[in-house]
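A.B. asks: please find the sequence and the predicted model below.
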Amino acid sequence: MTELDSALRVSATVIAFNEEEDLEECLRSLTWCHEIILVDSGSQDRSREIAARYGAKIFVRSFEGFSNQKNFAAEQASGDWILSIDADEAVSPELREEICQRLASETRLAGFAIARRNLWLGTPIRHGGWYPDLTLRLYRRGAGVWQGHSHEQVVVAGPTGILSHNIIHKSLRDMHDHLRKGLLSSVLELKEAKSRRLQLFWFFPLVVLRNCLRDFWAGQKTLFALRLIYKNRVKNRVDLVWLIPLYPFLRFFYMYVFRLGLLDGREGFWLAYTSAVVDAMKYLKIWEHFVRQRGKATERQAALEDTTKLYRSASQ
């Protein structure tokens, strides 16, 4: 097994709340790192006991949002590089070897995107846009900041690369889990849309299109770069009001036909179908707030967006 250069330190960061079912496998895959930082949001199960067994540095902190927790975890790290892993994920042996080899000679890049091998109902999903599912998780300490309420991402200052091997992600255990987390995601998407001042248009604004094209020509010409431009310039910032009712149908077509989810068999069909239902929940909330309520949140809506309650409901 390739070992890290003793002069090069990698800190693994994990946030958790009642994660005893998956946490041990996660931490076992990180024992090669120089330190493990675990930020716990008040678990009532054996999560902290398991983390202590693996020598993790444990911090107990009230949940203030996914990005907030991950930024706090990064602040506690002392390594040259930070590897951010969720409690239901694990680093594959091949990825561990690749990280050790790449970092031994890396002097230019500020971060690396890593593919996730997502398991849905225990089955690896190879199509439908669920693989390679590139996400930036390895970055130089001090070079990245986590942003966003839903599907948070780390934004780094400097060029990035892509690693070849995978993080294993136990994404969703059953249909109830998918729908429950989908409801959570719809609330977080609305919260992010409000924080990013989402605007609804009948036609896509030319100024946004111009900015997207400018970012593309100035940066790396990759699909991952395009995804980042979409997240930074368009997602929850700009939407077409006439498209809102069509998004669930487009989601199904995109996953099942365009991204070849049909090659995943029955799982591919039901994953695309359930994802379309989740999209419907998200856009119904956006329509309710921005169109029906004209941007005025109700007391009930504000209560639903309490970050501590949201995270706990997602982890039950």
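C.D. replies: That came in fine, so what should we check first? Numbering: from 1, shown residues only.

A.B. asks: need the longest strand for this structure.
C.D. replies: strand 160-172 (DSSP state E).

A.B. asks: pull that one out as CSV, backbone CA atoms only.
C.D. replies: Output in CSV follows, covering the C-alpha atoms of strand 160-172 (Å, rounded to 0.1, in the frame of the first residue of the first chain):
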residue,chain,number,x,y,z
THR,A,160,-8.3,22.0,-10.0
GLY,A,161,-7.8,18.5,-11.3
ILE,A,162,-9.9,15.3,-11.5
LEU,A,163,-8.9,12.0,-9.8
SER,A,164,-9.7,8.7,-11.5
HIS,A,165,-11.0,6.6,-8.7
ASN,A,166,-14.2,6.7,-6.6
ILE,A,167,-15.8,7.6,-3.3
ILE,A,168,-18.4,4.9,-2.4
HIS,A,169,-21.7,6.6,-1.5
LYS,A,170,-24.5,4.8,0.2
SER,A,171,-26.9,7.3,-1.1
LEU,A,172,-30.5,6.1,-0.3
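
A.B. asks: what's the mean pLDDT across that strand?
C.D. replies: Strand 160-172 shows a mean pLDDT of 93.

A.B. asks: strand partners of that strand, parallel vs antiparallel please.
C.D. replies: Its sheet considered, strand 160-172 pairs with strand 89-91 (antiparallel), strand 111-120 (parallel) by DSSP bridges.

A.B. asks: which of those is buried the deepest?
C.D. replies: strand 89-91 (a mean of 24; mean count of other C-beta atoms under 10 Å). Where you see a C-beta, it was placed from the backbone N, CA and C, and this is true even at glycine.

A.B. asks: gap between that strand and the chain center?
C.D. replies: 14 Å (C-alpha atoms, centre = their mean, to the nearest Å).

A.B. asks: turn the strands paired with strand 160-172 into CSV, columns for mean pLDDT and distance to Thr274.
C.D. replies: Shown next, in CSV, are the strands paired with strand 160-172 (pLDDT from 0 to 100; distance: least, C-beta to C-beta, whole Å):
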stretch, mean pLDDT, distance to Thr274
strand 89-91, 97, 21
strand 111-120, 95, 9
